[in-house]
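Asker: Kindly return the folded structure for what I paste below:
(chains A and B)
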Amino acid sequence: GAVVSQHPSRVICKSGTSVKIECRSLDFQATTMFWYRQFPKQSLMLMATSNEGSKATYEQGVEKDKFLINHASLTLSTLTVTSAHPEDSSFYICSAPLLAAGTRNEQFFGPGTRLTVL
Amino acid sequence: GESVGLHLPTLSVQEGDNSIINCAYSNSASDYFIWYKQESGKGPQFIIDIRSNMDKRQGQRVTVLLNKTVKHLSLQIAATQPGDSAVYFCAETLSGGYNKLIFGAGTRLAVHP
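Answerer: Residues are numbered from 1 along each chain as shown, chains lettered A, B, ... in the order given. Below you'll find the predicted structure:
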């Protein structure tokens, strides 16, 4: 099956710093990727849709100036958490859909990035 | 609507028993539904899907039932094994194209030997 990777797998940073998380589709091209945030013992909350070559689409309540998304190529989307604060500590997960004729439109998820802001 | 920040309910079962995990979805226009399994510290893993023109679909040891009238999904796991212990989420979306997934609240399945 298709593989999506994330880097780093975990990061610890000081309050006020910025952190960049990468999401890569390893064996397929993805013009669209999705970013989710998951707090402990909760469900995945969609943050934004990353679009290759154009602006990301943010869900209601997600600050676009705080969570910068760049989808510069067909295999890479990055999420930058700017001026991170402890409340931004969470598990960030990306996904990339693979459309194939005659089959389900499956989304493949990355392994997630654990962000801890001190 | 979006999934709310509720704490996960837990379903405890004995190894070998059948498990049934339920999920309510929110958008009556959704026509494609997926069940995911998430182990601790990992991303969601696809289990089984179903389109709205079906009410039942079977896989290996798993069955998904869809009741569009009440917007309800269930996942049945036969002969539950310790390796099935994880959190299970349903997700809804519109089929065709790059459509976003909306996740349900999730259920933690704990399998006891």
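Asker: hey, let's count contacts and neighbours off CA atoms from now on
Answerer: Will do.
Asker: Mind telling me which residue of chain A is nearest chain B?
Answerer: Using CA to the nearest CA, the closest approach of chain A to chain B is made by A:P111 at 4.4 Å.
Asker: what about that residue, neighbour count?
Answerer: The criterion is other CA atoms under 10 Å in any protein chain shown. On that basis, A:P111 has 24 neighbouring residues.
Asker: just so I have it, where are all the strands in chain A?
Answerer: Counting by DSSP state E, chain A has strands at residues A:4-7, A:10-13, A:19-25, A:32-38, A:45-51, A:57-58, A:67-73, A:76-81, A:90-98, A:106-109, A:113-117.
Asker: For these, state which one has the densest average packing.
Answerer: With neighbours defined as mean count of other CA atoms under 10 Å in any protein chain shown, these peak in mean count at strand A:90-98, which reaches a mean of 26.
Asker: circling back: tabulate the strands of chain A in TSV, adding columns for distance to chain B and mean pLDDT.
Answerer: Listed next are these as TSV, based on distance: least, CA to the nearest CA, whole Å; pLDDT from 0 to 100:
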stretch	distance to chain B	mean pLDDT
strand A:4-7	10	97
strand A:10-13	10	98
strand A:19-25	12	97
strand A:32-38	7	96
strand A:45-51	7	95
strand A:57-58	11	96
strand A:67-73	15	94
strand A:76-81	15	97
strand A:90-98	6	94
strand A:106-109	6	88
strand A:113-117	8	98
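Asker: Reformat the ones you listed as CSV; add distance to B:N53.
Answerer: Supplementary listing: the strands of chain A in CSV, determined by distance: least, CA to CA, whole Å:
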stretch, distance to B:N53
strand A:4-7, 30
strand A:10-13, 41
strand A:19-25, 31
strand A:32-38, 26
strand A:45-51, 26
strand A:57-58, 30
strand A:67-73, 35
strand A:76-81, 34
strand A:90-98, 22
strand A:106-109, 18
strand A:113-117, 36
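Asker: nearest to B:I50, of those strands?
Answerer: Each of the strands of chain A was scored for nearness to B:I50 using CA to CA, and the closest is strand A:106-109 (11.6 Å).
Asker: Give me the contact list for that closest one.
Answerer: Outside strand A:106-109, the residues within contact range by CA atoms under 8 Å, 6 or more residues apart in numbering or on different chains are A:2-4, A:93-99, B:43-45.
Asker: Closest to A:M45 out of those?
Answerer: Within these, distances to A:M45 taken as CA to CA reach their minimum at A:I93, with 9.6 Å.
Asker: Please see if the helix or strand containing B:V64 touches chain A.
Answerer: Under the assignment given by DSSP states H and E, the secondary-structure element containing B:V64 is strand B:62-67. No - between strand B:62-67 and chain A, judged by CA under 8 Å from any CA of the partner chain, nothing touches; the nearest distance is 15.5 Å.
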